[in-house]
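[1] structure for this input, please:
(one chain, ligands or ions: 1)
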Amino acid sequence: MSYSQTLFEEAQRYMPGGVNSPVRSFKGVGGTPLFFSHAQGPYIFDSDNQRYVDYVGSWGPMILGHQDTDVIESVQSSVSKALSFGAPTKIEIELAKCICALMPSIEKVRLVCSGTEATMTALRLARGYTERDLIVKFEGCYHGHSDSLLIKSGSGALTLGQPSSPGVPAGIAQTTLNLEFNSSDAVHAAFAKYGEKIAAVIVEPVAGNMGCVLPTRDFLLTLRQACDNYGAILIFDEVITGFRVALGGAQSLYQVTPDLTTLGKIIGGGMPIGAVGGKKSIMAHLAPEGPVYQAGTLAGNPVACSAGLATLSKLTAESFYTKLYQTTETLVTGFTELAKKHEIPLQINWLTGMFTLFFTTDPKVHCFQDVMNSSSEIFKKFYHGMLAQGIYFGPSAYESAFVSIVHDKACIDQTLAAADKVFATLK
Ligand code: KE4
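    Got it, this is the predicted structure:
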């Protein structure tokens with residue numbers, strides 16, 4: 001019995017499902033979740049001291065790799081002074097200034113403790129600012145677990161939503177519309193029917209939570225135009241894509257500007273953080289400047305801000321994103337060539353620093369239905385085969401894999417050698 005198995009048995013006695021976030025439970029791939037003890041660079045080590053090339057990176061934050069010396073030194077320096085005040089600190093200004101400088105659509109920003117808090121706050125702010133209730137989101141996009149966002153599509157394409165979890169009141173579900181990602185027609189129809197009641201559209205500009213699914217620029221432009229035409233707020237949830245796919249996030253890559261942006265993950269460098277930012281005219285409605293309430297005991301925590309600032313400061317290095325792009329491209333090209341060699345039906349969606357393997361015969365994976373057409377069973381075999389070869393992907397077919405700047409040739413060689421062996425078993 002592995003030590004992870006022993007730990008998992010004990011964990012289940014004290015925590016629901018033995019974990020503190022469901023995806024970690026391995027329910028998506030079967031088997032026992034690995035418990036990890038330490039990490040270095042592109043590698044993580046489980047409780048049996050097995051080494052893995054890490055393509056989860058804490059679900060995105062670890063873009064510099066684990067134990068980056070500058071980040072660790074910054075955190076150590078911060079904790080040597082204090083852990084938390086519950087009062088303003090200079091480092092919060094420095095992180096806020098850095099975010100505003102790197103993402104020009106953000107004129108003011110509120111720091112919170114998670115992506116969920118960021119998106120929940122963004123929705124409340126948009127509803128308070130517009131004095132409207134309806135929210136538009138997209139099938140397959142995940143924005144954290146606040147009630148208005150745990151919604152699945154209604155019975156018909158344009159019927160208001162239904163709870164996707166027990167505990168979400170039907171009344172709240174009825175204020176969310178769930179549309180097909182990448183469908184400009186669905187957006188036009190929704191605004192034609194509900195336009196004057198729509199407070200906001202929230203979207204992952206590049207979807208990462210149904211696996212990586214890229215938008216068409218036309219789709220993002222349609223969202224922008226519809227929000228402009230009807231006075232709704234466009235929220236880009238860049239909790240994953242912010243500072244990952246480009247220094248300015250997906251909004252800089254696709255040149256479409258949201259009214260509000262939510263961030264998380266990378267801006268905390270591995271520490272608990274989230275942020276909502278955007279136009280001053282909208283942010284001015286947030287307490288204490290305005291009436292829309294939001295608060296948090298550890299919001300803007302100096303240790304988290306130190307880790308985040310140290311992380312963001314290194315992303316501006318010359319050719320950082322060129323290198324990250326090249327590493328990702330080399331991996332994707334290798335997987336694609338091996339799939340051809342072994343005649344495995346495979347589509348890979350990717351951008352700088354993130355990718356997803358879809359085991360499907362479809363020529364493209366463009367929306368949630370395409371994702372559902374891909375084989376989760378083949379993914380499960382792939383997953384465990386790679387795990388046995390020391391390669392750690394997220395334990396779900398519907399997540400993105402993340403590359404760090406320290407994933408080097410040795411990592412790529414080990415990963416592709418493992419894939420060569422595993423693909424041979426998938427036919
Ligand atoms: P958190 O509350 O987990 O910090 O952030 C919620 C969130 C918001 N928006 C986007 C685009 C996100 O991807 C997330 C959280 N991402 C997942 C991974 N897909 C976190 C992992 C987990 O739930 O354990």
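[2] flag every residue of the protein that's near the ligand.
    Within the chain, the positions lying close to the ligand (Cβ under 6 Å from any ligand atom) are 21, 23, 59, 114-116, 119, 142-144, 204, 208-209, 237, 239-240, 264, 274, 399. Glycine gets a C-beta too; all of them are placed from N, C-alpha and C.
[3] which of these fall within helices?
    Secondary structure from DSSP state H places 115, 116, 119 of the residues of the chain next to the ligand in helices.
[4] which ones are touching the last one?
    Going by Cβ atoms under 8 Å, 6 or more residues apart in numbering, residue 119 touches 143, 144, 146, 149, 202, 235, 237, 239, 262, 276.
[5] can you confirm the fifth one is in a helix?
    No: secondary structure assignment (DSSP: H, G, I helix; E, B strand; the rest coil) places residue 202 in strand, not in a helix.
[6] ranges for the strands of the stretch 151-300 of the chain?
    151-152, 162-163, 176-179, 198-203, 233-237, 260-264, 274-278 (DSSP state E, counting those that start in this stretch).
[7] quick one: neighbours of residue 62, just the number.
    27 (other Cβ atoms under 10 Å).
[8] again, but for residue 302
    23.
[9] residue 331 contacts residue 402, correct?
    No: the criterion here is Cβ atoms under 8 Å, and residue 331 misses it with residue 402 at 11.3 Å.
[10] can you show me the helices along the stretch 201-350 of the chain?
    All helices of the stretch 201-350 of the chain, identified by DSSP state H, counting those that start in this stretch, fall at 217-230, 249-254, 280-283, 302-315, 320-341.
[11] quick one: closest of those helices to residue 94.
    Taking Cβ to Cβ, helix 302-315 is the member of those nearest to residue 94, at 5.6 Å.
[12] quick one: mean pLDDT over the closest one.
    Average pLDDT, helix 302-315: 98.
[13] ChimeraX command for the buried members of the residues of the chain next to the ligand?
    In ChimeraX syntax, the buried subset of the residues of the chain next to the ligand is picked out as below (16 or more other Cβ atoms under 10 Å):
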select :23,59,114,115,116,119,142,143,144,204,208,209,237,239,240,264,274,399
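[14] and the residue of this protein nearest the ligand?
    Using Cβ to the nearest ligand atom, the single residue of the chain nearest to the ligand is residue 115, 2.3 Å away.
[15] can I assume that residue is in contact with residue 238?
    No: between residue 115 and residue 238 there is no contact under Cβ under 8 Å: 9.7 Å.
[16] shared neighbours, these two?
    In contact with both residue 115 and residue 238: 262, 263, using Cβ under 8 Å, 6+ apart.
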